[in-house]
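Trainee: prediction below, plus the sequence it came from.
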Amino acid sequence: MIKYFILWQLLLVVIAVPSFAQDEAQNKTDVVSSTYETIVIPADYKETGVASWYGESFQGKLTASGEPYDMEKMTAAHNYLPLGVKVNVTNLGNKKTVAVTINDRGPFVPERIIDLSRAAARKLGFIDSGKAKVLIEPYRPEPETQITTSVPAGVHKNLYGAFYIQAGAYKVKTNADRLVERLNKSGFHNTRIVRVVTDSAQIFKVQLGMYKTLDSARKEHLSLGKGFPGSFILADVIQD
């Protein structure tokens with residue numbers, strides 16, 4: 001009797017183990033998929049401005065997301081949209097639209113709002129000109145056939161994370177220190193200097209922050225006034 005009982009228990013184990021392993025594998029797959037899909041931005045987000053593109057000189061270098069830059073992939077750099085989020089970018093000059101994934105930070109030029117990969121810029125038709133006026137919106141599988149240029153240029157104020165205002169960038173640290181003194185005398189004491197080492201030089205970036213919401217960063221940016229031209233908002237980390 002005991003012999004038959006032991007054989008029965010072994011048979012149950014043989015049947016249960018593959019089933020458990022299959023369930024566990026399915027659960028792991030579901031968790032990864034769910035995590036990826038949580039990267040979102042507000043549905044009413046819209047932003048218009050100038051787009052540029054970057055290519056061969058950055059090929060293979062690490063992006064802010066940690067992956068190497070590939071100029072033939074549909075990616076882009078933005079100063080504060082969440083890394084990993086997908087957006088539609090429309091060239092307002094020819095109404096062409098592409099979908100890109102934000103995987104880098106930039107462009108660090110005040111009048112530009114997004115840096116596209118070469119592949120994305122080619123599809124939007126501004127490889128030769130280098131710049132184009134664009135509309136950025138949340139990703140839609142099928143873009144709208146009609147695009148209006150009379151859209152708000154601002155960004156949804158509910159975005160939050162770690163925001164900073166970059167007031168200047170210098171190759172000589174003494175110049176960065178002088179800008180910090182100017183900012184302090186003007187009442188801005190939440191300054192920091194970030195040292196960035198490039199292939200050919202080192203750059204000292206003067207920044208104000210941190211601000212927890214994009215709205216608070218924009219209000220502080222406005223308070224800088226005309227005394228600090230060329231400043232712009234950027235983000236280190238964004239949460240949805």
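Mentor: Nice, thanks for sending it over.
Trainee: okay, and the helix or strand of the protein with the least pLDDT?
Mentor: The helix or strand of the chain with the poorest confidence is helix 2-37; it has a mean of 39 (mean pLDDT, DSSP states H and E).
Trainee: packing partners for the next helix or strand after that one?
Mentor: For helix 2-37, the succeeding helix or strand toward the C-terminus, using DSSP states H and E, is strand 47-53. Under the contact criterion of 3 or more Cβ pairs under 8 Å, 6 or more residues apart in numbering; DSSP states H and E, strand 47-53 touches strand 112-116, helix 118-124, strand 131-138. Yep, even glycine has a C-beta here, placed from its N, CA and C like the rest.
Trainee: what is the longest one packed up against?
Mentor: Put plainly, it is strand 131-138. Against strand 131-138 (3+ Cβ pairs under 8 Å, 6+ apart) you get strand 47-53, strand 86-91, strand 112-116.
Trainee: could you redo the last one with a cut-off of 10 Å?
Mentor: Applying 3 or more Cβ pairs under 10 Å, 6 or more residues apart in numbering; DSSP states H and E, one finds that strand 131-138 contacts strand 47-53, strand 86-91, strand 97-104, strand 112-116, helix 118-124.
Trainee: over to the second one?
Mentor: In terms of contacts (3+ Cβ pairs under 10 Å, 6+ apart), helix 118-124 is packed against strand 47-53, strand 75-77, strand 86-91, strand 97-104, strand 112-116, strand 131-138.
Trainee: hey, C-alpha coordinates of stretch 112-122 in CSV?
Mentor: Listed next in CSV are the C-alpha coordinates belonging to stretch 112-122 (Å, rounded to 0.1, in the frame of the first residue of the first chain):
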residue,chain,number,x,y,z
ARG,A,112,14.8,74.0,-30.7
ILE,A,113,12.5,71.5,-29.0
ILE,A,114,13.6,68.1,-30.4
ASP,A,115,16.6,66.4,-32.0
LEU,A,116,15.7,63.6,-34.4
SER,A,117,17.7,60.7,-35.7
ARG,A,118,18.8,60.9,-39.3
ALA,A,119,16.3,58.3,-40.3
ALA,A,120,13.4,60.3,-38.8
ALA,A,121,14.6,63.5,-40.3
ARG,A,122,14.8,61.8,-43.7
